[in-house]
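Engineer: sequence and predicted model, in that order:
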Amino acid sequence: MRKVLLGLVIVSTINLYAQDIKDNWLKDVSELENKLKSQDHLFSLLTKSKFSLLINDFKNHGITNNEEENYWALSKIINQFKDLNLDIDKSDLKKYPFRCSRFNNGIYITGVHIDYDTLKGVKLVAINAVPLSKIISKIKKYSDKNPIVLLNSKSLLEILKISDSDTLKLSVIMPNKLKKTFKLPYMGYYDEDELYTIIPYKTPFYKRKDNRWFWSYGINYGQQLYFKYNIGLSKEYFLKMKDSLDWNIRTAASKNNIYMQAAIDAPKFKEFSEKIIAKFKKRRYKKLFIDLRGNTKGSIITLREFINTISKHKRLKKRKRVYLFIDKTMSSSALATVLELQRKVKVKIIGEEVTNSVNDTSDIEEILLPKTEITLTYPIRKFNVVTIIPDLRILQSFENYKSGVDAVLQKALDY
């Protein structure tokens, strides 16, 4: 009798837990639906009626007891908007302990659990005997994110029928060109910092001051001035937003997703940019390199006066004087900077082809759906999508990555 009662209690508890999951998802998905429906500019490719049908079908038939299955089903719906600024994210998704990056000669494992360090630095060609090209094609139906970063998603690989166990078979090409297959188990939650990563022989020049919003340095005996632009914000930007939009410092920090103290301590860009321009009074300075790679956030407002000054500068407005370094990691606001420079200055662009929308960080809103702990990110108005095709297309090789060689900077010095 006791066993029967215990069984009934267990079944009842499981049912209550399952109902809680469903109730939580119903509440948060309804909030997400209402928020997105209020943004008319989102509905150009996907109509509101079609969106409602998809959401209602998900709420009535798609919600399961599995949180991650629910997340990917919702992500597939959001993906149908085909808006680069519309996204959902959940931080606690299960991942296999490895990380990949794309290079010009393939996809390589650049980070892995220390117990499987043999896999570090090898070329990945298939997972569970399924070629990476096929897996990536399937991933794109569920997310507009970089598909390479989702190759370690346990639940997504299961949904895609790539995996049905807690162990992956990774087919790789070793540095000696031999093909091998390794088994990599799921090892529970891990911090990204715990992965055993490839440490380049030396830190590439452009990554040496990642904590600085912007910095400059004279290179090649002062013949070129290098300007690294990590964050496109400044003291002047925050003051301008206070005057024009009546933002306080807390609002400004929140809009740009930075700590309030960082906004308070923001560096001044005007005096920094004046020093750059002053350098070109000296005849030995011949080129200005503006590096936007890895630029994470900002506003074109910060750089607009500087761009106008360059466009009128006797020496800098000439051909082959201003060079832009770009890659796929740069923000939408950095893309706006590229377009502004292209319009006003005879720039040469070196790096990767980039497709993105043009907007400032403050044009993107973010809310947390409290029950499911999903973060919804969406644009507050419609933005055009543009593609920047560089004059010199450079994609990093794995060998350069390991050595810490910056192929983009090397090409600019030779150009």
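Structural biologist: Here it is on my side, so go on. Note that this is a predicted model, so its numbers are computed, not measured.
Engineer: those helices in the stretch 1-150 of the chain, which residues are they?
Structural biologist: Using DSSP state H, counting those that start in this stretch, the helices of the stretch 1-150 of the chain run over residues 2-37, 48-57, 67-79, 132-139.
Engineer: which of those helices sits most buried?
Structural biologist: For the helices of the stretch 1-150 of the chain, ranked by mean neighbour count under the definition mean count of other C-beta atoms under 10 Å, the leader is helix 67-79 at a mean of 20. Quick note: C-beta positions are derived from backbone N, CA and C, even for glycine.
Engineer: mind checking the pLDDT average for that helix?
Structural biologist: Throughout helix 67-79, pLDDT has a mean value of 97.
Engineer: so what touches that helix?
Structural biologist: Helix 67-79 is contacted by residues 21, 25, 29, 32, 51, 54-55, 58, 62-64, 86-88, 90, 93-94, 141-144, 154-156, 159, 372, 374 when judged by C-beta atoms under 8 Å, 6 or more residues apart in numbering.
Engineer: can you rerun that using 7 Å?
Structural biologist: Judged by C-beta atoms under 7 Å, 6 or more residues apart in numbering, the contacts made with helix 67-79 from elsewhere in the structure are 21, 25, 29, 54-55, 58, 62-64, 86-88, 90, 93-94, 141-144, 155-156, 159, 374.
Engineer: related to what we said a few turns ago, make CSV out of the helices of the stretch 1-150 of the chain and add distance to residue 378.
Structural biologist: Converted to CSV, those look like this (distance: least, C-beta to C-beta, whole Å):
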stretch, distance to residue 378
helix 2-37, 7
helix 48-57, 13
helix 67-79, 9
helix 132-139, 22
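Engineer: inside strands: which ones of the contacts of helix 67-79?
Structural biologist: Secondary structure from DSSP state E places 87, 88, 374 of these in strands.
Engineer: quick revisit: of the contacts of helix 67-79, keep whichever come out buried.
Structural biologist: Using 16 or more other C-beta atoms under 10 Å as the burial test, the contacts of helix 67-79 include 21, 25, 29, 54-55, 58, 62-63, 86-88, 90, 93-94, 142-144, 155-156, 159, 374 as buried.
Engineer: can you tell me the SS state at the residue lying closest to residue 41 once chain neighbours are set aside?
Structural biologist: The shortest distance from residue 41 to any residue other than its chain neighbours is 3.7 Å, reached at residue 382 (C-beta to C-beta, 6 or more residues apart in numbering). The three-state label for residue 382, taken from DSSP: H, G, I helix; E, B strand; the rest coil, comes out as coil.
Engineer: distance of residue 382 from residue 86?
Structural biologist: Between residue 382 and residue 86 the distance, using C-beta to C-beta, to the nearest Å, works out to 11 Å.
Engineer: likewise for residue 232?
Structural biologist: Here residue 232 is placed at a distance of 22 Å from residue 86 (C-beta to C-beta).
Engineer: with residue 287 instead?
Structural biologist: The spacing between residue 287 and residue 86, counted by C-beta to C-beta, is 39 Å.
Engineer: what would stretch 20-36 look like as PDB? C-alpha coordinates only.
Structural biologist: Extracted as PDB, the C-alpha positions of stretch 20-36 are listed here (Å, rounded to 0.1, in the frame of the first residue of the first chain):
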ATOM      1  CA  ASP A  20       4.300  24.600 -13.900                       C
ATOM      2  CA  ILE A  21       6.600  24.400 -16.900                       C
ATOM      3  CA  LYS A  22       3.700  24.800 -19.300                       C
ATOM      4  CA  ASP A  23       2.200  27.600 -17.300                       C
ATOM      5  CA  ASN A  24       5.500  29.500 -17.200                       C
ATOM      6  CA  TRP A  25       5.900  29.100 -21.000                       C
ATOM      7  CA  LEU A  26       2.400  30.200 -21.700                       C
ATOM      8  CA  LYS A  27       2.800  33.400 -19.700                       C
ATOM      9  CA  ASP A  28       6.200  34.300 -21.200                       C
ATOM     10  CA  VAL A  29       5.300  33.500 -24.700                       C
ATOM     11  CA  SER A  30       2.100  35.600 -24.400                       C
ATOM     12  CA  GLU A  31       4.200  38.500 -23.200                       C
ATOM     13  CA  LEU A  32       6.700  38.000 -26.100                       C
ATOM     14  CA  GLU A  33       3.800  37.800 -28.600                       C
ATOM     15  CA  ASN A  34       2.300  41.100 -27.300                       C
ATOM     16  CA  LYS A  35       5.600  42.900 -27.300                       C
ATOM     17  CA  LEU A  36       6.500  41.900 -30.800                       C
END
